[in-house]
Structure formats: C-alpha cells, structure tokens
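Visitor: A predicted structure for the sequence below; I have some questions about it.
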Amino acid sequence: MRKIRSSISLLLFCSFTLLILTGMPLFPAQTGMTVSSQNPVSLQRSRVTPIFNPLTPRPPPTETVAVVVENALYPSISAAVTQYRTDLNNSGYNTIFYTSFIGNHTIFRSLLNQWYTTYPNFVGAVIIGRLPFAQFYHPAASGFAAETFICDLFLMDLDGNWYDTGMPGHAAGVYDVHNASGGADILPEIFIGRIDPLSINAWGTPANYINTYLARAHTYRTGGLQRQNRALMYVDDDWSGYWASVWNNDLGNAYSTRTFVDIPVTWTNATDWITNRVLQNYQWGHICVHSFATSHVFGPGGGGAEGSVTSNQIRLAPAAFNFYNLFACHGSQWTVPGCLGTTYAFTGSHSLAVIGSTKTGGMMDCDEFYQPLGLNDTLGESLLQWFQNSLNSGSTASTLFLEWYYGMNIIGDPFLTTIYDCTVLPTTISSSTHPDQAAWYTNGQPQFNWTIPVDVNGISGYYYIIDQNPSTVPTASTGTFTATNGTQPTTALADGTWYLHVVPVDNANNVATTAAHYQVSVDDTNPSVTISSPIPGTLVPTQFLLSWSVTETGSGYSRTDVYVNGTLFTTINAPTMNTTITHNIPGSFPVNVTVYDTAGLRGSDQIIVTIAGAPPGIPGFPFEAIALGAIMAVGLGVYYRRKRKPA
C-alpha cells in the first residue's frame, strides 16, 4: 500500500541569509536549477522507520525473468552468459533467453509485454549489450530546464500510454506525454537492468568488460567479492544538514552500520572522495554531489569550488564498493562516453551495480527503496517498489516527480541482493518403503530419500527432523545434520502419523527457509475384537443378530469378515459392528468374526452357536448326520461279520 504523504512543492535553493532567518532545511537542489525556499513544515511526509535485519533470508524466488542479449555481441560472451543463466536458474528463477535482433524500443516493449502476459510471474529483465531505448522530453518546469533524456521507465510501464505529440523542442520519435487510461496506470509492472559498458569502450572492449563483470557477479553469488556489511552516506554542501539526515535515516532501512559524512568543505570535497572514501571497504555507497555525465563537481551550487572528480580518475583509483546510489545529475547517462555510472559499475574489482539517473534529478523518497532492499529484495524489485510509491504528487518531488524521477535506472545485474545468495531451494522427499503418504504401513523404519537441489554454492548437507508436527522447519540448532540425501530411523517409529522435515544447507552455510515435508503413518499393533451377542452357550433362533466391539488405536477400524461354520458369510465395512445371520439347519456351529484395520492387520473372536430345537450332538454336526452315520456304521459291522462265517 502506498504511503499517504503530505503534498509538497519543489523547494529551490535559498540564500544563506534566508536560511538563517527561517531556520528551514534546503530542498534538494540540482545543477542548473534556480532555487527558492519554503516553510519546512510542508517538507514533512510519513517515512518508514528503519527495520534492518542483516540475517533476513530471501524466500526462494519462483519468478520468471528474461535474459536479453545483443545479437551481434553474443558470440563473444556466450560462455559467461551461459554461466550467468545457470546462476539465475540455480537461484530459483525460470529464465527466458533471447538473442534475436530487436529493431527498436517499441518492438522491445511489445516483447516484454508479451512475456508479462504469458508468464504470470514474469518480474523483470536484464539487458546485456546495447539494445534499443526510448527517449522522453519535458519542457522547462520550475527549476528544471527543458531536457531530452533516456527513459527506461518506458520498458517497465507496460500498460501506460506514451505519446510523441510533436511538442516543440525535441526530435521526432521522442515521447513527451505519459499517461494512462482504462484502468491502467503510469507505474511500472516490471524492472530492468542494463549490463552495457559500450560508453567506456575507450578503455576496453564491451565483450571483455561484460565477461569480467559476469565473472564478478558469479563470484559474488558464490560467496566471494564481499565487502563489509556497512554503507557510506556522503552528502555534499547543498544537502548537508536536514536532507542529509533524512536520507541517512532512510539508508538505515538497509544498513544498520553506516558512516555519515556531510560536513561541507572539511570533509566532502573531491580530494577526500577520490583519495580516501571511494577506496574504503563498504558494500554500499550513497553519494549526493552535483555532477555531469562524466564528472562530480564538489562545493555549493555545482560550481566545483571544492574540486571535481572525473570518471577516468574513478577508473584509475579504482572505486572499491559493491553498490552505488548516485544522487548526481546525469550520473547514469549510460550512452555518454566515459559515463560515471558505467565507470563505477564496470571498472572496480568489486563493482556490481549502480542506481542513478540519465537526467537532472535523482532518487529522493529513499526509504521506499531501502526498505525492500533491507528485506533482501533484489535491486530491481527495490527500484520497482520505489517507482510505484514515488511517481505521484504526494512524493517529495510533489508535482515535479516526472522531472525528478523519470531518468532513474539500474546499470548492472538487477537480480542481485545485498545479502548474497541466501536463497537455498527446497528439496523433494520420497520413500521406497512408504511410497503413499495417505496409506498406513506396518513397517516402523521407513527409508527416506530426497532430491539434491541446484544451488550456485553447491549443497553441503541437510538438516532434518522426524516428529508428529506437519509444519516443522529444521534449523542448524534444532535439526540433525547429514551429508547424504537420505535417512532411515534406527529405531522403529511408534504407531501413529509421523513427518520428516528436511532443509538443505549450501557450501556458503545458507540454510533453506522452506522445508520439504513427508508424511508416513505406522501401525504395527493388531486390532482386537470381542463378540458381544449372542452370548456363548445360549440357544438362538434360525435368524439372530450378531454384534461385536472393536479396539483399534492405530490406523483405524476398516472392515469385518464374518464366517459361519467355516464359510465366509458376509463382509461388513466400518463403522458397522453387527449383522443378522440366518441359518435354518438346527444344531451347533462356529461363528467367527475377523476384523481388519487400515494397515491390514487383523484380530479374531469366535463362539459356538446352537440353533433352538436341535437335539444334542457334536458341535458343528446336525443330529441327522450323526444318526445316519451311526446306522451306516452298524450296517457295515453286520456285513463284515457275515463275511467272516465259514461256508
């Protein structure tokens, strides 16, 4: 849900005298802007309290992403791209791979839109090499000169309307109106990032830069290339004080450990930046300084009174952070030869990505970016959320959000997170001895096996727990570790329903947060049955009610087989425990009741029943049969005696 913000106007740079008289903070001023002042009360808006948690794991991604590679460049970088795609797949993404020629930015946007509508979880794309881009023009506005600039928002907002109305001041094919209709909006649906070092080809070939960059990204994902988990907030003269404090607090959403530098002249100057700060061991750097596309200019008003730093100096230093957020006009204008953002992203031995703008302006409302980043969302997801929450008149930029924000972009891999590869995918469990999770088995020692999930760091083992809770998630402290992908209890499980829970752990000691679960039901105790009616020894009519009771504490009573005089008479399904027996032959005979539980175990009870009116006899043999047998025996005896008389 978007925050409700107080509506404010763009404040321009006020004079030092007015600042002293009113005590008000300066609104973020940019190079080439006229500046004025406004009451500081109207500068306030609701902000997010820092919630940084350095151990927050990122759930395994289930999204689809696109890897789009410049057709002509692909043969020179194919091996590195293959490894990169493998890393994305091993992190849980489904990847679309596209290397065909793309003629222009409208075709490119249509292609992205097609993927967005085809794949429900399509979230973004990485663009490798020089691919088409859109340009946007805005006329002069309060504090902003008219400007034409690269606008990657065009490729991210897939349902908005983009028009070239022929407004004076720009070339044909440059958009100058962005709106939405029919239930759509001007907000992005997806994010993109560009791995495009063409603007620094004076220092090396794009193929070499991309191959080296993708190797760094792989190293980062597999546990190397780490910088200290801390950030630098470096704010030059015109934003020191109030705005510096606001943005430093916003950065606290992602980094609890920060160095905050905003003392004009003494600390924030060209020499301090290039010979000191940029060489230090930080993961994240947020620098606020007046800039051009190829240089920072320190000091008030963007005049360079405190020195300047060129992109070539940054290359030679080289810059040492993993990530950069450049609040620096035109700092990420990645088509300009020697672009600052491209230099930061591709020439440092630890460099991975830059957030910046292709035009005058930069990121304000920084909490909207650093909050998701602090929850270990990707750079792309974090910038997407920032756009969605900041492209409105309630943002810090107020009605000038277009002028301030439409040039924002990512140079580098947008799928990176600041907590490297804490994603471990879950496994899938099976059992050769207990293959049906809904069935009951008499074997209390099931054999379990599970799949080995793909992981960029490789799987080192698993934590598992066997208990009777269906949703347990093992941890390093609660689970039993095994290096093999299977287990079998050494002691038989007691009767009941049990669950095996497994989480993999990789070679970087990341433990999966989503457990795999497998249910087994064990019943090794026979049910018992007692015939309650008729009472043994009593006479019964030719039709009588047979009743019984069952004791079954395991898998549950399933059925009963009733035998009369040794022959199956009927089968009764649970829960019924009685039946009517009709037997028209007088005499005594056995009645057997055999009950079965769901696991297939059985128990029996038997009684002798005598039909009323029958003469005494041997149980199970009618009187007539006994009498006939006696007569036959007497007759045979007489016959043999006669045979033995002499002739």
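Guide: Here it is on my side, so go on.

Visitor: would S76 count as being in a strand?
Guide: No: S76 is assigned helix when assessed by DSSP: H, G, I helix; E, B strand; the rest coil, not a strand.

Visitor: how about the nearest residue to it, chain neighbours excluded?
Guide: A207 (3.8 Å; Cβ to Cβ, 6 or more residues apart in numbering). Where C-beta positions appear, they are placed from N, C-alpha and C, glycine not excepted.

Visitor: So which bits of the host helix or strand of the one you found are buried?
Guide: Secondary structure from DSSP states H and E places A207 in helix 206-221. Residues of helix 206-221 classed as buried by neighbour count (16 or more other Cβ atoms under 10 Å): 206-207, 209-214, 216-218, 220-221.

Visitor: how near is the residue lying closest to N573 once chain neighbours are set aside to T598?
Guide: For N573, ignoring the flanking residues on the chain, the nearest one in space by Cβ to Cβ, 6+ apart is R559 at 5.0 Å. Applying Cβ to Cβ, to the nearest Å, the value for R559 to T598 is 10 Å.

Visitor: More neighbours: the two, which one.
Guide: More crowded of R559 and T598, by other Cβ atoms under 10 Å: T598, with 18 against 15.

Visitor: Worst mean pLDDT across the helices and strands of this structure, which element?
Guide: Counting by mean pLDDT, DSSP states H and E, the weakest-scoring helix or strand in the chain turns out to be helix 16-22, with a mean of 28.

Visitor: for stretch 527-544, what is the average pLDDT?
Guide: When pLDDT is averaged over stretch 527-544, the result is 92.

Visitor: can you pull the buried residues of that stretch?
Guide: Going by neighbour count (16+ other Cβ under 10 Å), the buried part of stretch 527-544 is 527, 529, 531, 534, 540, 544.

Visitor: Likewise for stretch 225-237?
Guide: 225, 227, 231-237.

Visitor: Equivalent analysis for stretch 364-371, please.
Guide: 364-371.

Visitor: Repeat that for stretch 570-585.
Guide: For stretch 570-585, the neighbour count (16+ other Cβ under 10 Å) marks 572, 574, 577, 579, 581, 583 as buried.

Visitor: quick one on the thing from earlier: from the buried residues of helix 206-221, which has minimum pLDDT?
Guide: Lowest confidence among the buried residues of helix 206-221: R221, with 89.

Visitor: And for S181, nearest residue in space, chain neighbours not counted?
Guide: Closest residue to S181 in three dimensions, ignoring its sequence neighbours and counting by Cβ to Cβ, 6+ apart: N161, at 6.3 Å.

Visitor: Could you pull up the residues touching the one you found?
Guide: Contacts for N161 (Cβ atoms under 8 Å, 6 or more residues apart in numbering) come out as 177-181, 184.

Visitor: Give the buried subset of the residues you listed as a PyMOL selection command.
Guide: To isolate the buried members of these in PyMOL, using 16+ other Cβ under 10 Å:
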select buried, resi 178
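
Visitor: from the contacts of N161, which single one is nearest Y119?
Guide: Nearest to Y119 among the contacts of N161 is A184, at 19.5 Å by Cβ to Cβ.

Visitor: Would you mind measuring from the residue nearest to the closest one when sequence neighbours are not counted to L383?
Guide: In space, and not counting its chain neighbours, A184 is closest to D159: 3.9 Å by Cβ to Cβ, 6+ apart. In this view, D159 and L383 are 18 Å apart by Cβ to Cβ.

Visitor: Going by neighbour count, which residues of stretch 137-154 are buried?
Guide: For stretch 137-154, the neighbour count (16+ other Cβ under 10 Å) marks 137-138, 143-144, 147-154 as buried.

Visitor: Which of those fall in helices?
Guide: In this view, those that belong to helices under DSSP state H are 153-154.

Visitor: What about the buried residues of stretch 225-237, which are in strands?
Guide: 231-235 (DSSP state E).

Visitor: So which of these is the closest to N312?
Guide: Checking those against N312 by Cβ to Cβ gives Y234 as the nearest, at 20.1 Å.

Visitor: So for that closest one, what's the pLDDT?
Guide: Looking at Y234, its pLDDT reads 97.

Visitor: all helices of this protein, in order?
Guide: Using DSSP H, the helices found in the chain span residues 16-22, 74-90, 105-118, 153-156, 206-221, 242-251, 270-275, 311-316, 340-347, 367-374, 379-390, 401-405, 623-644.

Visitor: how deep is I608 tucked in, by neighbour count?
Guide: I608: 12 neighbours (other Cβ under 10 Å).

Visitor: Any idea what it is bridged to?
Guide: Beta bridges link I608 to P590, judged by DSSP bridges.

Visitor: Closest to I287 out of the contacts of N161?
Guide: I287 has its nearest neighbour among the contacts of N161 in H178, at 28.8 Å by Cβ to Cβ.

Visitor: The closest one bridge partners, please.
Guide: Here H178 shows beta-bridge partners W162, assigned using DSSP bridges.

Visitor: That one: what's it in contact with?
Guide: Shown in contact with H178 (Cβ under 8 Å, 6+ apart): 136, 153, 157, 160-163, 186, 402, 406.

Visitor: same question, Q519
Guide: The contact partners of Q519, taken as Cβ under 8 Å, 6+ apart, are 437-438, 470, 497-499.

Visitor: Can you select the buried ones from the residues you listed in PyMOL?
Guide: In PyMOL, selecting the buried portion of those, with burial taken from 16+ other Cβ under 10 Å, looks like this:
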select buried, resi 497+498+499
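
Visitor: Tell me which of the contacts of Q519 fall in strands.
Guide: Mapping the contacts of Q519 onto strands (DSSP E) picks out 497-499.

Visitor: Give me the distance between the two termini of stretch 90-97.
Guide: 15 Å (Cα to Cα, to the nearest Å).

Visitor: My error: substitute stretch 441-449 in the last question.
Guide: Length of stretch 441-449, first residue to last, Cα to Cα: 17 Å.

Visitor: Could you pull out the buried residues of stretch 255-262?
Guide: Residues of stretch 255-262 classed as buried by neighbour count (16+ other Cβ under 10 Å): 255, 258, 260-262.

Visitor: didn't A293 look like it was pressed against T342?
Guide: No: counting by Cβ atoms under 8 Å, A293 stays clear of T342, with 9.7 Å between them.

Visitor: neighbour-wise, which of the two wins?
Guide: Between A293 and T342, counted using other Cβ under 10 Å, the more crowded position is T342 (31 against 23).

Visitor: any idea how far F387 is from T64?
Guide: Distance, T64 to F387, by Cβ to Cβ: 20 Å.

Visitor: neighbour-wise, which of those two wins?
Guide: Neighbours were counted for T64 and for F387 using other Cβ under 10 Å; F387 has more, 22 against 18.

Visitor: what's the nearest residue to that one if we skip its chain neighbours?
Guide: Nearest residue to F387 in three dimensions, chain neighbours excluded: P188, at 5.0 Å (Cβ to Cβ, 6+ apart).

Visitor: how many other residues sit next to that neighbour?
Guide: 25.

Visitor: How about L316?
Guide: By other Cβ under 10 Å, 12 other residues sit near L316.

Visitor: got it, and the one 5 residues further on?
Guide: Taking other Cβ under 10 Å as the criterion, the count of residues near F321 is 25.

Visitor: Quick check: it touching H350?
Guide: Yes: taking contacts as Cβ under 8 Å, F321 lies within contact range of H350: 6.7 Å.

Visitor: between the two, what contacts are shared?
Guide: Common contacts of F321 and H350 (Cβ under 8 Å, 6+ apart): R227.
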